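Student: Model the structure of this input:
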Amino acid sequence: MRKGNFFRGLGYLAEGFRLIRQPRLRLLVIIPLVINVVLFAAMFYFMALGFETLIAMVMGWLPDWGWLQALDWLFWLLYGVVILLIMAYGFVIVATLIGAPFYGYLAELTEKHLTGQEVSTDDNWAAIIKDIPRALWREVQKIIYYLPRAIVLLIIGLIPVVNLVAAVLWFLFNSWMMSLQYVDYPADNHKVSFPALRRLLGDTRLSALGFGVPVALAAMVPVLNLVVVPAAVCGATAYWVRESDSNHQ
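Tutor: Numbering: from 1, shown residues only. Purely as a prediction, here's the structure:
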């Protein structure tokens, strides 16, 4: 059983950024981009308002041990990173939920560009609109998969000493989720079920992690996270074309 290649996985996001400059793909990049700009501005505003309150609340849950109070600055840093990771993936969830019908079509056109073969015969805007309910349900499935695991990590983050590794665990989990989030678009175009997609990524997990790491990092960078979503869709489609084929050889 293949486990993929971490360094090959790293290259897919860069390829995605090259692909979004293709003339036929640009419109499907621009429309969600405008939506993302508005969404990011709103999320950044509310995050700035609530960050200090949220940190103070979490710190209030910790036992009143002297050595823990002395490490107050470290907990601020750790929880700040965790909250940033939650916000980063939260932004991705909302942005992709809104843009899901566009991104499925973007993945289809990207695959056609890479392989020269049609993915489906419904190559029009009417098909995008008709596909909205199914695309939204697919996004809901990812959220259902994400939430219980995120809750477990949040609980781990509240345990003294153990919470020192919480930020690392969150980053690895976010990286996995980024791969799962975006490779789902080309997989869905091929009518591959969500459980089957998870098995595919498990079989090529090193490639999946290599792809997810730079996407997770880019999602944390203001402005860059506005364009990383369509680039990740295109990069994930390249991942699908190469990793899924090699996985079945």
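Student: Hmm, residue 180 and residue 198 touching each other?
Tutor: Yes. Counting by Cβ atoms under 8 Å, residue 198 does reach residue 180; the two are 6.8 Å apart. Where C-beta positions appear, they are placed from N, C-alpha and C, glycine not excepted.
Student: ok, the two, which is more surrounded?
Tutor: Each of residue 198 and residue 180 has its neighbours counted (other Cβ atoms under 10 Å); residue 180 has more, 20 against 17.
Student: Leaving out sequence neighbours, find the closest residue to that one.
Tutor: Leaving out its chain neighbours, the residue that sits closest to residue 180 by Cβ to Cβ, 6 or more residues apart in numbering is residue 201, at 6.2 Å.
Student: mind checking pLDDT for the one you found?
Tutor: Residue 201 is assigned 92 on the pLDDT scale.
Student: so who does it touch?
Tutor: By Cβ atoms under 8 Å, 6 or more residues apart in numbering, residue 201 lies in contact with 176, 179-180, 183, 208.
Student: nearest to residue 139, of the residues you listed?
Tutor: Nearest to residue 139 among these is residue 180, at 11.6 Å by Cβ to Cβ.
Student: Which strands or helices does the helix or strand hosting that closest one pack on?
Tutor: Residue 180 is part of helix 166-189, with elements assigned from DSSP states H and E. With contacts defined as 3 or more Cβ pairs under 8 Å, 6 or more residues apart in numbering; DSSP states H and E, helix 166-189 has these neighbours: helix 72-115, helix 132-157, helix 194-203, helix 205-219, helix 224-239.
Student: got the angle for that helix vs helix 132-157?
Tutor: For helix 166-189 against helix 132-157, the angle by axes from the mean of the first three to the mean of the last three Cα atoms, to 10 degrees is 160 degrees.
Student: Below-threshold pLDDT in the chain: ranges please.
Tutor: Along the chain, the parts satisfying pLDDT under 70 run over 1-2, 44, 47-52, 54-93, 96-97, 120-131, 160-161, 163, 245-249.
Student: Between the contacts of residue 201, identify the one with the most neighbours.
Tutor: Scoring the contacts of residue 201 on neighbours with other Cβ under 10 Å, the highest-scoring entry is residue 183 at 31 neighbours.
Student: distance of that residue from residue 215?
Tutor: Distance of residue 183 to residue 215, computed by Cβ to Cβ, to the nearest Å: 11 Å.
Student: Please tell me how far the most centrally placed residue in the chain sits from residue 39.
Tutor: Nearest residue to the geometric centre of the chain (Cα atoms, centre = their mean): residue 178, 2.9 Å. In this structure, residue 178 and residue 39 are 18 Å apart, going by Cβ to Cβ.
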